[in-house]
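**Q** Dropping the sequence and predicted coords here.
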Amino acid sequence: MDFETRLGAMVAKELTGSPEQEAALIERLADSLGLAIAMATKGDPALADTMLTGVEGYLSEAVAQHSKLARLMAGARRAS
């Protein structure tokens, strides 16, 4: 199993509907992403800023892509 699949599975397991747990997950992912960007740009602030701009756009698209599923899951949790 590749890294992307393993990471996706780990994240999905943590999405329990608990706001506190999901906030902690987002904080940890953001910290890990910050480390990855710092390493990829060798600490260069200008390169990091450029990469962050791209990441922000990608993240916005990902949120929009997953929003329908998130609404469905929230409705299912309320119904159960």
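**A** That came in fine, so what should we check first? Everything quoted here is computed from the prediction, not taken from an experiment.
**Q** Please enumerate the helices of this structure.
**A** Per DSSP state H, the chain carries helices over the ranges 3-14, 19-40, 45-79.
**Q** can I get these in a markdown table with mean pLDDT and mean neighbour count?
**A** (C-beta placed from N, C-alpha, C; glycine too.) A markdown table is the format used below for those (pLDDT from 0 to 100; neighbours: other C-beta atoms under 10 Å):
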| stretch | mean pLDDT | mean neighbour count |
| --- | --- | --- |
| helix 3-14 | 93 | 10 |
| helix 19-40 | 96 | 12 |
| helix 45-79 | 93 | 11 |
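**Q** if we look at stretch 17-37, which residues are touching it?
**A** 11, 14-16, 48, 51-52, 55, 74, 77 (C-beta atoms under 8 Å, 6 or more residues apart in numbering).
**Q** With distance to D2 added, can I get those in a markdown table?
**A** Formatted as a markdown table, those follow (distance: C-beta to C-beta, whole Å):
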| residue | distance to D2 |
| --- | --- |
| V11 | 15 |
| E14 | 19 |
| L15 | 20 |
| T16 | 25 |
| A48 | 26 |
| M51 | 22 |
| L52 | 25 |
| V55 | 20 |
| A74 | 29 |
| R77 | 30 |
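**Q** Between which two of those residues is the distance greatest?
**A** Farthest pair in those (C-beta to C-beta) is A48 and R77. Separation: 37.2 Å.
**Q** sorry, back to before: ok, so of the contacts of stretch 17-37, who is nearest A40?
**A** For those, the nearest to A40 is M51 (6.8 Å; C-beta to C-beta).
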